[in-house]
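Q: Sequence first, then the predicted structure:
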There are 2 protein chains.
Amino acid sequence: MSPAKTAYHHGDLRSALVNAALELLEEGGETALSLRAVARRAGVSAAAPYRHYEDREALVSAVAAVGYRELAERLGAAHPAPSTPEQLADVAVAYVQFALERPSLFRIMFGEPCNRDNDERVVATEAVTLYLREIVARCFPQSNPEALAPAIWALVHGFAFLFLDGKLDAPSPSAVANRVTAAIQALLSATIHGGRSAEN
Amino acid sequence: MSPAKTAYHHGDLRSALVNAALELLEEGGETALSLRAVARRAGVSAAAPYRHYEDREALVSAVAAVGYRELAERLGAAHPAPSTPEQLADVAVAYVQFALERPSLFRIMFGEPCNRDNDERVVATEAVTLYLREIVARCFPQSNPEALAPAIWALVHGFAFLFLDGKLDAPSPSAVANRVTAAIQALLSATIHGGRSAEN
DNA sequence: TTTCAAATGTTGACGGCGTTCACATTAGCC
DNA sequence: GGCTAATGTGAACGCCGTCAACATTTGAAA
């Protein structure tokens, strides 16, 4: 509740808008996330947000950036510094659970096109990328993290989306966890076996 | 160009709307896909579509269903009946290429929430699921396809989305293909090795 | 302290959207 | 040939994103 960066008339409307957007997202899903609704919730006119964000997409990007930070936090909470396949699997499960618990936020983060410009979003994404590569490097120092990390990310990310869309049945959170864990284990044992070429 | 099912005033407006929607999608992306624009292109009033689709989402679902059929076609073209890891990898590459070549359609198919009701969409999805399970069963008769098939799907699907969103660099189509192929090979060799329990 | 420019917020408007309802037209069946 | 149901139209509603003109407030220069 501590006031943040730029506080003028309203007192940091910029971040108040992001918070309002997150609330609306949780309450009513993507459909509820309109610029006007956000402004209304922040107690401000419909045009006010344009003093802080170029357009709707810019605000959505800011929301997505918060999502990336929260995802990173969540992964870190699952395990601060994984160094075994089991621990890595825990992180993977946390990733999928994040997607299932906050589906609208996750869809905003990944489900729509985003400007490749150097905005908050790209930075936040890069953080996730590095975090993951670091983990893989620690778990498999003899492997090639730049090849393995994306594969693991893709596996986990794909599970998240397929569960989210109902393409794969997700009867219970634990069932989801089991499935993800098993897949990770399979991919990892492949690396250990097949990664012989990394001996050089 | 042969006229289809129900032809009344317009002569199969129902499918004309889907075609118009697909055109708009290719030309202008998801943003261009409005019910009014679709009606305009079909040369019909804004209210006419409601005689054939309950709402916008229903039309979008119909478009997605076409997408699923085209995806299945594309996979089949990559290899009619894969039975080796290499052939399966070809199918996987075709999946990702479909996503990159028709990003808007792919996003409509997977990127937004869909009603779990028993509509065209669910049926078309099921077709993909079965097709994949069949392939896996043929490639690895001694494995458990119900566990392996989703893992492969997730891996491929995740790659598709991450490339699509620019989270992973996709410098050239062949680079994408190589990455996907390598990941598939890794996962598959894991199955061959780790799948010992399937000997029983 | 006064003053002034820049930052911030408001009002009202525009066009586009999804959707509905009352109405017109047409198609096919008796 | 005429009736009913199916199909298309037109006008309207409220919501949306966005903009331009205007009002207010702020912080600092004078």
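A: Right, received. Where do you want to start?

Q: Number of residues surrounding A:Asn19?
A: Neighbour count for A:Asn19, taken as other Cβ atoms under 10 Å in any protein chain shown: 15. For the C-beta atoms, the positions are set from N, CA and C on the backbone; glycine is no exception.

Q: For A:Ala182, grab phi and psi.
A: phi -60, psi -40 (degrees, to the nearest 10).

Q: So, low pLDDT: which residues of chain A?
A: Scanning chain A with the threshold set as pLDDT under 70 gives A:1-9, A:116-119, A:187, A:189-200.

Q: one more time with 80
A: A:1-11, A:112-122, A:124-125, A:142, A:186-200 (pLDDT under 80).

Q: Going by residue numbers, what spans are helices in it?
A: Assigned by DSSP state H, chain A shows helices spanning A:13-28, A:35-41, A:56-78, A:85-101, A:103-110, A:120-139, A:145-164, A:173-194.

Q: want to throw the ones you listed into CSV with distance to B:Phe98?
A: Formatted as CSV, these follow (distance: least, Cβ to Cβ, whole Å):
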stretch, distance to B:Phe98
helix A:13-28, 30
helix A:35-41, 33
helix A:56-78, 25
helix A:85-101, 23
helix A:103-110, 18
helix A:120-139, 24
helix A:145-164, 15
helix A:173-194, 23
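
Q: So which of these is nearest B:Glu73?
A: With Cβ to Cβ as the criterion, B:Glu73 lies closest to helix A:145-164 of the helices of chain A, at 20.7 Å.

Q: Would you mind writing the CA trace of the closest one as CSV?
A: Extracted as CSV, the C-alpha positions of helix A:145-164 are listed here (Å, rounded to 0.1, in the frame of the first residue of the first chain):
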residue,chain,number,x,y,z
PRO,A,145,21.4,-25.5,-21.9
GLU,A,146,20.7,-23.4,-25.0
ALA,A,147,19.2,-26.4,-26.7
LEU,A,148,17.7,-28.1,-23.7
ALA,A,149,16.2,-25.2,-21.9
PRO,A,150,13.8,-24.2,-24.8
ALA,A,151,12.7,-27.8,-25.2
ILE,A,152,11.8,-28.1,-21.5
TRP,A,153,10.1,-24.7,-21.7
ALA,A,154,8.1,-25.8,-24.7
LEU,A,155,7.0,-29.0,-23.1
VAL,A,156,5.8,-27.3,-20.0
HIS,A,157,4.3,-24.4,-21.9
GLY,A,158,2.5,-26.7,-24.2
PHE,A,159,1.0,-28.6,-21.3
ALA,A,160,-0.2,-25.4,-19.7
PHE,A,161,-2.0,-24.3,-22.8
LEU,A,162,-3.5,-27.7,-23.7
PHE,A,163,-4.8,-28.1,-20.2
LEU,A,164,-6.1,-24.5,-20.2
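
Q: circling back: Throw the helices of chain A into a markdown table and include distance to DNA strand D, thanks.
A: Below are the helices of chain A laid out as a markdown table (distance: least, Cβ to the nearest atom of the strand, whole Å):
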| stretch | distance to DNA strand D |
| --- | --- |
| helix A:13-28 | 9 |
| helix A:35-41 | 3 |
| helix A:56-78 | 3 |
| helix A:85-101 | 24 |
| helix A:103-110 | 13 |
| helix A:120-139 | 17 |
| helix A:145-164 | 23 |
| helix A:173-194 | 32 |
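
Q: and A:Arg121, what does it touch?
A: Listed by Cβ atoms under 8 Å, 6 or more residues apart in numbering or on different chains, the contact partners of A:Arg121 are A:Ser61, A:Ala64, A:Ala65, A:Tyr68, A:Cys114, A:Asn115.

Q: Now with 7 Å, please.
A: Contacts for A:Arg121 (Cβ atoms under 7 Å, 6 or more residues apart in numbering or on different chains) come out as A:Ser61, A:Ala64, A:Ala65, A:Cys114.

Q: nearest to B:Gly29, of the helices of chain A?
A: Of all those, helix A:56-78 sits nearest to B:Gly29, with 12.9 Å by Cβ to Cβ.

Q: The closest one vs helix A:103-110, what angle?
A: For helix A:56-78 against helix A:103-110, the angle by axes from the mean of the first three to the mean of the last three Cα atoms, to 10 degrees is 110 degrees.

Q: Which other helices and strands does helix A:56-78 contact?
A: Applying 3 or more Cβ pairs under 7 Å, 6 or more residues apart in numbering or on different chains; DSSP states H and E, we find helix A:56-78 packed against helix A:13-28, helix A:35-41, helix A:85-101, helix A:103-110, helix A:120-139.

Q: touching DNA strand C at all, that helix?
A: No. Remark: helix A:56-78 sits outside contact range of DNA strand C, by Cβ under 7 Å from any atom of the strand, the gap being at least 11.6 Å.

Q: mind listing what's buried in that helix?
A: A:58-68, A:70-72, A:74-75, A:78 (16 or more other Cβ atoms under 10 Å in any protein chain shown).

Q: how far does it sit from the chain's center?
A: Distance, stretch centre to chain centre, for helix A:56-78: 6 Å (Cα atoms, centre = their mean, to the nearest Å).

Q: ok, now which ones touch A:Leu17?
A: Contacts for A:Leu17 (Cβ under 7 Å, 6+ apart) come out as A:Val38, A:Ala42, A:Pro49, A:His52, A:Leu59.

Q: Return the closest of those with respect to A:Ala32.
A: A:Val38 (9.5 Å).

Q: Tell me, how many residues neighbour the closest one?
A: A:Val38 has 29 nearby residues by other Cβ under 10 Å.

Q: Assess the claim that it and A:Leu24 are in contact.
A: Yes. Using Cβ atoms under 7 Å, A:Val38 makes contact with A:Leu24 at a distance of 6.4 Å.

Q: Dump the helices and strands packed on helix A:56-78 into TSV; add distance to B:Val123 as well.
A: What follows is the helices and strands packed on helix A:56-78, written out as TSV (distance: least, Cβ to Cβ, whole Å):
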stretch	distance to B:Val123
helix A:13-28	29
helix A:35-41	35
helix A:85-101	24
helix A:103-110	23
helix A:120-139	35
